[in-house]
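Q: Please find the sequence and the predicted model below.
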Amino acid sequence: MKRVSILGATGSIGRNTLDLIARRPADYRVVALTGGRNIAALAQAATSLGAEIAVTAHDDLLGDLRDALAGSGVAAAAGATALEEAAARPADWVMSAIVGAAGLRPGLAALEQGATLALANKESLVAAGPLVMAAARRTGARVLPVDSEHSAIFQALAGEDPAAVRRVVITASGGAFRDWPLADLARATPAQAARHPNWDMGQRITIDSASMFNKALEMIEAREFFGFDPDRIEVVIHPESLVHALVGFCDGAMMAHVGTPDMRHAIGYALNWPERAELPVAPLDLVQAGQLTFRAPDLERYPALRLARAVMARGGLAGAGFNAAKERALDHFIAGRVGFPAMSEMVEAVLDRLDRQPGRLDGAVTLESVREIDQVSRALADDIAKEQAE
Ligand code: NDP
């Protein structure tokens with residue numbers, strides 16, 4: 001029986017993971033489930049699956065969580081330290097599906113105890129890739145990708161010699177504004193940006209798909225996870241979202257991973273790895289799909305892709321600054337304080353200001369240096385948002 005914990009159990013990835021676990025209750029023992037503000041969903045999942053402990057990230061919600069769990073036998077806890085402790089509880093497999101940089105410390109705690117880490121939280125690799133991968137090497141813990149593109153690459157690489165890889169192609173749907181006139185983007189609302197053409201995901205990643213900040217994070221994630229040279233990482237727009245990624249080899253062969261857009265495939269692959277098991281994912285009907293189309297992304301529409309290349313070239317702590325500035329820019333957009341195109345302008349301005357501070361982006365990637373750059377970048381983003389609003 002596999003002992004599993006889910007960090008971010010109330011989110012889109014978390015719910016899909018719970019769905020897979022609930023289908024095979026005899027195979028899993030649920031250790032810890034964590035969430036944020038959605039106490040009802042957290043308590044419901046913890047009770048029905050008989051978790052040892054449920055943890056909310058918010059101290060002020062501990063009373064609500066205790067009330068919701070009364071009589072269930074599930075322990076309750078709250079706060080950042082409790083999240084890390086939950087992740088550190090002995091488990092065989094931990095899903096890292098908290099959104100944002102907040103997922104870094106709990107993910108590291110899971111690696112430190114040697115659990116296999118199913119990593120959906122790409123932000124931790126973007127902000128602190130060397131730290132995460134070093135923790136895995138040190139403890140012998142496995143990190144398995146959950147992002148559909150990275151799961152696809154991982155699967156295409158199975159049994160292959162990494163030295164034979166010449167290129168990886170990550171596909172992108174192009175998001176909600178793929179076909180909008182560029183001039184209209186300034187008027188785009190958060191609600192419009194949060195409508196993804198193909199995938200059903202959380203609000204933040206869906207808006208990041210419209211701006212392609214999500215794809216920018218994924219380029220950096222591919223670099224950190226697999227160690228690919230940035231020049232070998234390509235992005236193409238593929239409106240059908242059926243090919244998730246391709247790997248090109250030295251003999252000209254390209255291995256494509258193709259399937260219906262359902263995150264339960266990538267989650268289930270990580271859950272069952274190194275085996276494959278039946279999953280509740282609809283098989284792809286190629287005839288009904290009809291065609292697979294690809295086109296080059298327009299860097300004027302998606303400046304985030306250009307910024308990702310600059311971040312990879314800069315190295316050091318640039319990823320941490322980029323991720324934090326992106327998260328803050330998204331907060332400002334969701335709150336209606338800045339327009340859609342202002343997000344990438346804000347992130348670029350933050351990176352410029354960080355780069356102008358001698359040594360700021362250099363130095364080792366440690367929890368402390370990442371935390372500091374994260375805070376400085378968020379403050380810079382707030383300054384720039386004020387300047388943009390004036
Ligand atoms: P959601 O917004 O749907 O869920 C996020 C989860 O994190 C919820 O459980 C939420 O709790 C919790 N949470 C939010 N803020 C905090 C915090 N500060 N501390 C602790 N927990 C917090 O996100 P998704 O499921 O869409 O995405 C999760 C991660 O997976 C992200 O890193 C995303 O990039 C990645 N990912 C997602 C995909 C998808 O299909 N959704 C695909 C590939 C990667 P609550 O809701 O209770 O407040």
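A: Here it is on my side, so go on. Numbers count the residues shown, from 1 in each chain.

Q: What is the burial count for the nearest residue to residue 309 once chain neighbours are set aside?
A: Leaving aside its sequence neighbours, residue 309 sits nearest to residue 230 (C-beta to C-beta, 6 or more residues apart in numbering; 6.4 Å). From N, CA and C alone the C-beta is placed, and that goes for glycine too. Residue 230: 15 surrounding residues under other C-beta atoms under 10 Å.

Q: Confirm for me that residue 230 is in contact with residue 305.
A: No. With contact defined as C-beta atoms under 8 Å, residue 230 does not reach residue 305; the gap is 11.7 Å.

Q: what does the chain put close to the ligand?
A: Contact residues (C-beta under 6 Å from any ligand atom) of the chain with the ligand: 8-14, 35-38, 57, 83, 97-99, 102, 120-123, 147, 199, 201-202, 204-205, 263.

Q: Need the overlap of contacts for residue 230 and residue 305.
A: Residues touching both residue 230 and residue 305 by C-beta atoms under 8 Å, 6 or more residues apart in numbering: residue 219.

Q: I'd assumed residue 247 was in a strand, is it?
A: Yes. Under DSSP: H, G, I helix; E, B strand; the rest coil, residue 247 sits within a strand.

Q: List the beta-bridge partners for it.
A: Taking DSSP bridges as the rule, residue 247 bridges to residue 168, residue 255.

Q: Would you mind measuring from the residue nearest to residue 309 to the ligand?
A: Distance of residue 230 to the ligand, given as C-beta to the nearest ligand atom, to the nearest Å: 20 Å.

Q: What number of residues are in the vicinity of whichever residue of the chain sits closest to the ligand?
A: Nearest to the ligand, among the residues of the chain, is residue 11, at 1.9 Å (C-beta to the nearest ligand atom). By other C-beta under 10 Å, the residues close to residue 11 number 24.

Q: was I right about it contacting residue 96?
A: No. Residue 11 sits out of contact with residue 96 when judged by C-beta under 8 Å, with a separation of 11.2 Å.

Q: got the residue ranges for the strands in the chain?
A: 2-7, 28-35, 53-56, 75-78, 93-96, 116-119, 143-145, 165-172, 233-237, 243-249, 254-258 (DSSP state E).

Q: Which of these has the highest mean neighbour count?
A: strand 93-96 (a mean of 29; mean count of other C-beta atoms under 10 Å).

Q: Which residues does that one contact?
A: Counting by C-beta under 8 Å, 6+ apart, 2-9, 13-14, 17, 87, 103, 106-107, 110, 115-121, 124, 146, 267, 270-271 sit against strand 93-96.

Q: Export it to PDB, keeping only CA atoms.
A: Included here for strand 93-96 are C-alpha records, laid out as PDB according to Å, rounded to 0.1, in the frame of the first residue of the first chain:
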ATOM      1  CA  TRP A  93       4.700   9.700  -2.800                       C
ATOM      2  CA  VAL A  94       3.900  13.400  -2.400                       C
ATOM      3  CA  MET A  95       2.000  15.500  -4.900                       C
ATOM      4  CA  SER A  96       3.400  19.100  -5.000                       C
END
